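K.L.:
A structural model of the following input is requested.
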Amino acid sequence: MSARRSFFRDYGYITGPSRLYTKVILDQVQGYFEGDLQVAPGDVVVDVGANTGLFALEVMRRTKGQCTIHCFEPIAENYLALTQNVAAAMERWSMEDGSVKTFPIGLAASPGVASFAHYVHSPSQSAMLEDGAHQAGTLVRRFLRALFEDPERVRGFISPLTRGVLALVPDRLGLVLADRIARHLAKVRIVETSVDTLSNVMARDGITRIDFLKIDVEGAEDAVLAGIRPGDWGNIEQVAVEVHDIDGRVGAIRGLLEENGFLVNVTRDELRRRLGVEVYDVRGRRTGRTRGTGH
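P.N.:
Coordinates of the predicted model:
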């Protein structure tokens, strides 16, 4: 990843592949807080698939730095940007050392070593090979082709100016450009890195409660959830998982959360629906707890 630092008014300087990439992911991060799930001062947050740290930065912004965050990112280039962004945000919010911990590992069903596909120019698509790398980037590829083949499908997701410019591009040339961009974004490098289970980390690091568990691991979400021992589920209050619906996975994860006492909501955003991408947002929350410091 060729790192660039860009300034954003509400966050300060952020390191990422490009300003556009960072802006897109920051916009996506807002979706975690559009429904019933929220963060409050004093919360303990676990970010699985932390990427360059933008979800963590948003949690810090919303709690004004009054939070504890544990971030897990197995790809070395992403992890470097994550540590840089977290350090800058901690200074911005005058947070104590250790308030945000970063781990250069992945989470899985069992400890060991796993292979990951690192998408060099689109790091948010990086995935554990055994689970989701084959479909990582599907949304990007379909979006690029739709820009030229059927722009009405993505109306509302591009500006009128962009639509006007695209209308001047001959269809055949447009598809060639879309395919070239897609191939550029699909440049992949295989890396091996350590993985552990969430329950092992909780025991080792003394994490006795998780107010918000966020999982975005591009197809390996079932493995992450399998690494939570039955006795630890009661210490988790809110869960947000991006789920790739492979072999009925959405239904299985919904059932798992409901069995463990969560009220569950499943949605698919408009762009994914229009492009036929079977990726869903599964959100779970408990009732009867007091949010915020002290619980």
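
K.L.:
Next secondary structure after the helix or strand Ile25 falls within?
P.N.:
Element membership for Ile25 (DSSP states H and E) is helix 19-29. Following helix 19-29 in sequence order, the next helix or strand is strand 43-48 (DSSP H and E).

K.L.:
which helices and strands sit right next to the next helix or strand after that next one?
P.N.:
Next helix or strand after strand 43-48 toward the C-terminus (DSSP H and E): helix 54-63. Judged by 3 or more CB pairs under 8 Å, 6 or more residues apart in numbering; DSSP states H and E, helix 54-63 is in contact with strand 12-16, helix 19-29, strand 43-48, strand 67-72, helix 76-92. No exception for glycine: its C-beta is placed from N, CA and C like everyone else's.

K.L.:
quick one: helix 54-63 to chain centroid distance?
P.N.:
13 Å (CA atoms, centre = their mean, to the nearest Å).

K.L.:
Could you check the angle it makes with strand 12-16?
P.N.:
160 degrees (axes from the mean of the first three to the mean of the last three CA atoms, to 10 degrees).

K.L.:
can you list the residues that contact helix 54-63?
P.N.:
10-11, 14, 16, 22, 25-26, 29-30, 32-33, 38-43, 45, 47, 50, 67, 69, 71, 82, 85-86, 89-90, 92-93, 95, 100, 212, 214, 216 (CB atoms under 8 Å, 6 or more residues apart in numbering).

K.L.:
What's the PyMOL line that selects buried ones from those?
P.N.:
In PyMOL, a selection of the buried entries from those looks like this (16 or more other CB atoms under 10 Å):
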select buried, resi 11+14+16+22+25+26+29+32+39+40+43+45+47+50+67+69+71+82+85+86+89+90+93+95+100+212+214+216
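
K.L.:
Name the spans of the protein whose pLDDT lies under the cut-off.
P.N.:
In the predicted model of the chain, residues 1-2, 120-127, 129-172, 174-179, 181-187, 271-272, 274-277, 288-295 satisfy pLDDT under 70.

K.L.:
change it to 50
P.N.:
Across the chain, residues meeting the criterion (pLDDT under 50) sit at 132-134, 136, 292-295.

K.L.:
Strands of that one, residue ranges please.
P.N.:
Secondary structure of the chain (DSSP state E): strands located at 4-8, 12-16, 43-48, 67-72, 100-103, 106-107, 112-119, 127-128, 188-196, 212-215, 238-244, 263-267, 279-285.

K.L.:
Indicate each strand paired with the fourth one and its parallel or antiparallel sense.
P.N.:
What it means is strand 67-72. When pairing is defined by DSSP bridges, strand 67-72 lines up against strand 43-48 (parallel), strand 100-103 (parallel).

K.L.:
To Leu263, which of those strands lies closest?
P.N.:
strand 43-48 (18.5 Å; CB to CB).

K.L.:
Just the residues contacting the closest one, thanks.
P.N.:
Contacts for strand 43-48 (CB under 8 Å, 6+ apart): 39, 53, 55-56, 59, 63, 67-72, 107, 198, 207, 209-217, 224, 291-292.
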